[in-house]
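S.K.: Need coordinates for the following:
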Amino acid sequence: MSYNSEFRRSIDQRDDFWREQAQHIDWIKAPNTIWRALDNGHGEWFPDGELNTSDVALDANIRAGRGDQKALIYDSPVTNTKQSFTYNELRDEVALFAGALRARGVEKGDRVIIYMPMIPQAAIAMLACARLGAVHSVVFGGFAAHELAVRIEDAKPKALITASCGIEVTKVIEYKPLVDKAIEQSSHKPDACVVFQRPQVKATMQEGRDFDWNEIVANATPAEPVPVKANDPLYILYTSGTTGKPKGVVRDNGGHAVALTYSMKLVYDAKPGDVYWAASDVGWVVGHSYIVYAPLFTGCTTIFYEGKPVKTPDAGAFWRVVQDHKVNMLFTAPTAFRAVRKEDPEADQLSRYDVSSLKRIFLAGERLDPPTYEWLKEHTGLPILDHWWQTETGWAICCNPVGIEMMTTKPGSATVPSPGFNVQVVDMEGSQVPAGEQGQVAVKLPLPPGCLMTVWGDDQRFQNSYLKPIPGFYSSGDGGFIDDDGYVFIMGRTDDVINVAGHRLSTGEMEEVVASHPAIAECCVVGAHDDMKGQIPVGLVLIKDGATIDQDELEEELVEMVREKIGAIACFRRAIVVDRLPKTRSGKILRRIIRQIADGEEYTVPSTIDDPAILEEISEKFGR
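M.R.: Numbers count the residues shown, from 1 in each chain. Now for the predicted structure:
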């Protein structure tokens, strides 16, 4: 079947299409009803089906004869540790820990917050919650106590699971004092706090509330999978909100299992036994969808990596992991390879390793800039596949559907809509704009399985944020265009479109030009306030290691390049050389904060920032 015929079937014969996909997972009770409409074009998938996500991820693979296959490989360059678990071993660890949680009072429907580093126990905790029908909420390990407290207050967990510490490149972060402070700040107090003690730090325990992971597991009775309804919540994952209060994205069990299983075939062409590596963190949606759940649903071996693309120990870190574990598919964010390219512009480290097992490299999480795409393609010779999705959708809205049909790639494009996602570029009234013209990228309702059900405890916020802005559509908040071939180009958040003297211009387009300069490793263009023109673009640029160029000369060259490619109308006249860009821990550049600094406005340091000190450096560059 071709991509076009599969896509059309997913839209025109929606129920039949998803009924077929649902047959690829093990249900406790198979669904008869595929879709049930609710308000505003939204609805529920497989509402009368019953399953258990932990059973689908682990026990189903054992029933299929994969019990002795590796399920999870842990690789930690920061502790010089490697460990692996077969499906049998991982199932047994999960069942025991689920039993230990049950003994602490955790039951179906209870919430559990998981605040962990990238160690196997994080995945075991997630799957153990799923086994009990409890709802997990993973909070990125090391988040500030206040941010953890906000999430405790919102989710009201029965229990909290943490580790004694997380390990960064240059420091060890003690988690337990942050957890204690967060619980103290929250009016809701979890009944139990389970602590996995790591060798690097011994956490202080509070009598009656805190429990040692190994001690409670030693006395636990394994738990069998608890049946849940398909539309019962599996997890809550908090994403930033415009009001400052994070939004708790709610994911269901049934639609999630069906959609992620389908996505592994469609997007990645992954098969049972493949070694699949999503180089991310379980604190982000990529870690949920493609480190823990989807690879295990599919019978793959998943990689749990506690390290960085550089500095652990060098820019060859990713290539070393690929060689050591014979990785077949690698998925990460463009920012990871921009860091590698900055430190190793000629890809000398790549030649040190045998990466012949690698079939494809996938990138998502932010716009894949053409220079990074070209660098990867040139030096690896592999297909470099961009795809676009969001925390809210849980899997790719647009992709190169290699599991059906490998399509020609176009630098800067996430290729075509995934089957199930009726992607359109519209104006604010919901009318389609002509091919090639920029507008709001939206998905005509209903959304396919696997997407968010609501915002935890605040369905009105869900409606206001995603369904009401463009009636009849899911509003992605991203801008872009669809070309004559149906390829989707995401140019950035709609608030990254700037207005220069009445002309709406994409900062993403300017970044593409600036990043093509041979001395530039990474860049960001934002719109700064200008009394005469409304806004003018300003570029922040990082220079590649080893590149030697005068800053004034570089600025002149960049100004000329933008003028030549976009025109004098862009008014690009300023490029500031910086050592680092302010980013979230998941690698997204904090453009709104940079804009606020450029405009001399007050700003709030976001909880997700990787290093707050960068903001002071940026402020100095702008003379603030």
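
S.K.: Is it correct that Gly480 is in contact with Val425?
M.R.: Yes. Between Gly480 and Val425 there is a contact at 6.5 Å, judged by CB atoms under 8 Å. All C-beta atoms are positioned from the backbone trio N, CA, C, and that covers glycine.

S.K.: got any residues that touch both of those two?
M.R.: Gln438, Gly439, Val441 (CB atoms under 8 Å, 6 or more residues apart in numbering).

S.K.: In helices, which of the residues you listed appear?
M.R.: Counting by DSSP state H, none of the members of the shared contacts of Gly480 and Val425 fall within helices.

S.K.: Now restrict the residues you listed to buried residues only.
M.R.: Gln438, Gly439, Val441 (16 or more other CB atoms under 10 Å).

S.K.: from these, which is closest to Cys523?
M.R.: Cys523 has its nearest neighbour among those in Gln438, at 20.5 Å by CB to CB.

S.K.: ok, the closest one to Glu509 distance?
M.R.: Applying CB to CB, to the nearest Å, one obtains 9 Å for the distance of Gln438 from Glu509.

S.K.: Need the overlap of contacts for the two.
M.R.: With CB under 8 Å, 6+ apart as the test, Gln438 and Glu509 both reach Met491.

S.K.: ok now the longest helix that the chain contains, how far from the chain's centre?
M.R.: In the chain, taking DSSP H as the definition, the longest helix is helix 87-103. Remark: helix 87-103 is offset 26 Å from the chain centroid, using CA atoms, centre = their mean, to the nearest Å.

S.K.: 51 is where my numbering starts, stick with that
M.R.: That works, and once the first residue is 51, the last one we named lands at helix 137-153.

S.K.: quick one, the helix or strand just after it and helix 137-153 angle?
M.R.: Next along the chain after helix 137-153, taking DSSP states H and E as the criterion, comes strand 161-165. Angle, strand 161-165 to helix 137-153, by axes from the mean of the first three to the mean of the last three CA atoms, to 10 degrees: 120 degrees.

S.K.: which ones are touching Pro283?
M.R.: Counting by CB under 8 Å, 6+ apart, Pro283 has contacts Val185, Val300, Arg301, Asp302, Asn303, Met503.

S.K.: Could you rerun that using 10 Å?
M.R.: 159, 161, 183-187, 298, 300-303, 306, 503-504, 506 (CB atoms under 10 Å, 6 or more residues apart in numbering).

S.K.: Ramachandran coordinates for it?
M.R.: phi -70, psi 140 (degrees, to the nearest 10).

S.K.: what do you get for Pro272?
M.R.: Torsion angles, degrees, to the nearest 10, at Pro272: phi -60, psi 140.

S.K.: Can you give me the distance of it to Asn111?
M.R.: Taken as CB to CB, the span from Pro272 to Asn111 is 17 Å.

S.K.: These two: which has the busier surroundings?
M.R.: Asn111 (26 against 15; other CB atoms under 10 Å).

S.K.: so who does Ser468 touch?
M.R.: Ser468 touches 53, 56-57, 60, 309, 312-313, 316-317, 437-439, 443, 445-449, 451, 498, counting by CB under 10 Å, 6+ apart.

S.K.: So which of these sit within strands?
M.R.: Cys448, Cys449 (DSSP state E).

S.K.: any chance you could map the strands in the stretch 301-450 of the chain?
M.R.: 325-328, 351-355, 379-382, 410-413, 434-436, 448-449 (DSSP state E, counting those that start in this stretch).
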